[in-house]
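> need a structure here:
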Amino acid sequence: MSKKILITGAGGFIGGYLVAEALKRGFETWAAVRSTTSREFLNDERIHFIELDFSDSDKLEAQLRQTVAENGAWHYVVHNLGATKAANYQTFRNVNYGYLRALVDALTEIGAVPERFLLMSSLSVMGMGDEKQYTPFRATDAPHPNTRYGMSKLQAETFLQMHPDFPSVIFRCTGVYGPHERDYYLMIKSISKGFNFSVGFKKQMLTFLYVEDLARGVMDALEKAQLHKVYVMSGDGSYTQKQFREIVARVLGKKFVVPIVCPIWLLWLVCRIGSIYSKLTLKTVTLNADKFKILKQRNWLCDTSEAKADFDFEPRFDLESGIHRAVEWYKQAGWL
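Residues are numbered from 1 along each chain as shown. Down below sits the predicted model:
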C-alpha cells in the first residue's frame, strides 16, 4: 500500500515540483489548493485535489475531517504555503504563522497527526550572517531575523518546536530557482538584454538551490530525517555576483553584458519610497524595507552537512546546469 502525502501550496512554483516528485515515488499525492489556484502545472490525472480554507480554522478543520473520514489520514504532510510579499507584518504573520498553526491544530484535533510533517521555512530566519569571515549558516546557529518575513517564519518554526509530540522537520532554504520561477527569471531576462544589475561594492557570496534537488531532498527527509530537527538547504558551491552573471551570460550565449552596480544608499532610498507607497495603498511592492535588507546582505553561504549526513542529501545540479535547464524552459514557454 502506497504512502499518502498532503502538500499545501501545491499551486506555487515549489509546490508543483513537490507534487511531481511525490508522484514519481509512487505516493498517493494530495494537492491542497484554493478555488482560485492555478493548476497549470498540476495536470497529472493521478493528483488528488483538496480545497482548504486556511483563513477560517473551523472550516479548515471540517474540510480535513471530511476528507480523512472518506479517504484516511496522510502519512506525510509538507506545508509549503506561505507569503513572501505583503503590505504589512500582520499579513506575513497571519499566513506564515497563522495558517501553519491552524493546520497543526486541525490535524491534531481530528486525530490525523502524520508520521512526518515538514515545514518549508527560509534562510531569512537566520538574519544577517558573518560578513567578515563569511562563515556559512548552520542549522544550529541562533536565528536573528531582520525582516518581517523572516520573523513570521521564525514564529512558525517556534510553534512547532514548542510541540514536541508533533513529528516535525524544518527546512531553511536558500534561494530556489528553476523552470516556472519568476524572481530569478527577471535577473536572467535582464542579462539576456545585455544588462546585469547588482547592489553594493562589497563582496557578496550567493548560494542557490535547484528546485528538483529541493523536491528530492524533501521526499528523502520525510523518510529519513531526524524528527524535531532544522536543516539548512542549499546547492553545492557559492558564487559572487560576477560569477553568476558570467554563468547566465554563457548559457544565453551573450558575449558582452554591462554590469550596473546600484550603491547601497540609492537602494535604501528606492526601497524606502516603496515601503511608504505600500503602507499608504496597502499594495505589495517588490522593493521595500525587507527587500533592502535581503539585497544588502553579503553572506548567503550555507553548511548543508546535517542534511547530507541524516538523509543523504546530494544536489545533482550545479548552478550552470540548473540555469541551462531553466533557460531552455523560459525559451520554450516564450518568456525569453
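
> Relative to R101, how far out is H79?
11 Å (Cβ to Cβ, to the nearest Å). The C-beta positions use only the backbone N, C-alpha and C, and glycine is treated the same way.

> swap in A20?
A20 is 28 Å from R101, by Cβ to Cβ.

> now swap in V125 and tell me
17 Å.

> what residues are up against the closest residue in space to W268 that isn't next to it in sequence?
Distances taken as Cβ to Cβ, 6 or more residues apart in numbering put F292 closest to W268, at 5.8 Å, once the chain neighbours are dropped. Contacts here follow Cβ atoms under 8 Å, 6 or more residues apart in numbering; on that basis F292 touches 267-268, 271-272.

> pretty sure L227 is touching P167, no?
Yes. Contact criterion Cβ atoms under 8 Å: L227 and P167 qualify, at 5.1 Å.

> Now K254. Its backbone dihedrals?
Main-chain dihedrals, K254, degrees, to the nearest 10: phi -90, psi 120.

> that older thread, ok, so of the contacts of F292, who is nearest W74?
Checking these against W74 with Cβ to Cβ, the nearest one is C271 at 40.7 Å.

> List phi and psi for the closest one.
Here is the backbone geometry of C271 (degrees, to the nearest 10): phi -70, psi -30.

> per-residue confidence for it?
Here, the pLDDT recorded for C271 equals 93.

> how much space between it and T304?
Relative to T304, C271 is positioned 30 Å away (Cβ to Cβ).

> Please apply the same query to G72.
Counting by Cβ to Cβ - G72 and T304 are separated by 34 Å.

> Looking at those two, which is more packed in?
T304 (24 against 11; other Cβ atoms under 10 Å).

> was I right about the more buried one contacting G237?
No. Assessed by Cβ under 8 Å, T304 is found out of contact with G237, at 11.0 Å.

> For the closest residue to I47 other than its chain neighbours, name its beta-bridge partners.
Closest residue to I47 apart from its sequence neighbours, by Cβ to Cβ, 6+ apart: A31 at 5.2 Å. Listed by DSSP bridges, the beta-bridge partners for A31 are I7, F49.

> isn't A31 right next to H48, touching?
Yes. Judged on Cβ under 8 Å, A31 makes contact with H48 at a distance of 7.1 Å.

> okay, the two: which has more neighbours?
Per other Cβ under 10 Å, whichever of A31 and H48 has more neighbours is A31, with 26 against 14.

> For F49, see how far away that one is.
5 Å.

> quick one: common contacting residues for the two?
Residues touching both A31 and F49 by Cβ under 8 Å, 6+ apart: L42.

> That's all I had, so thanks and see you.
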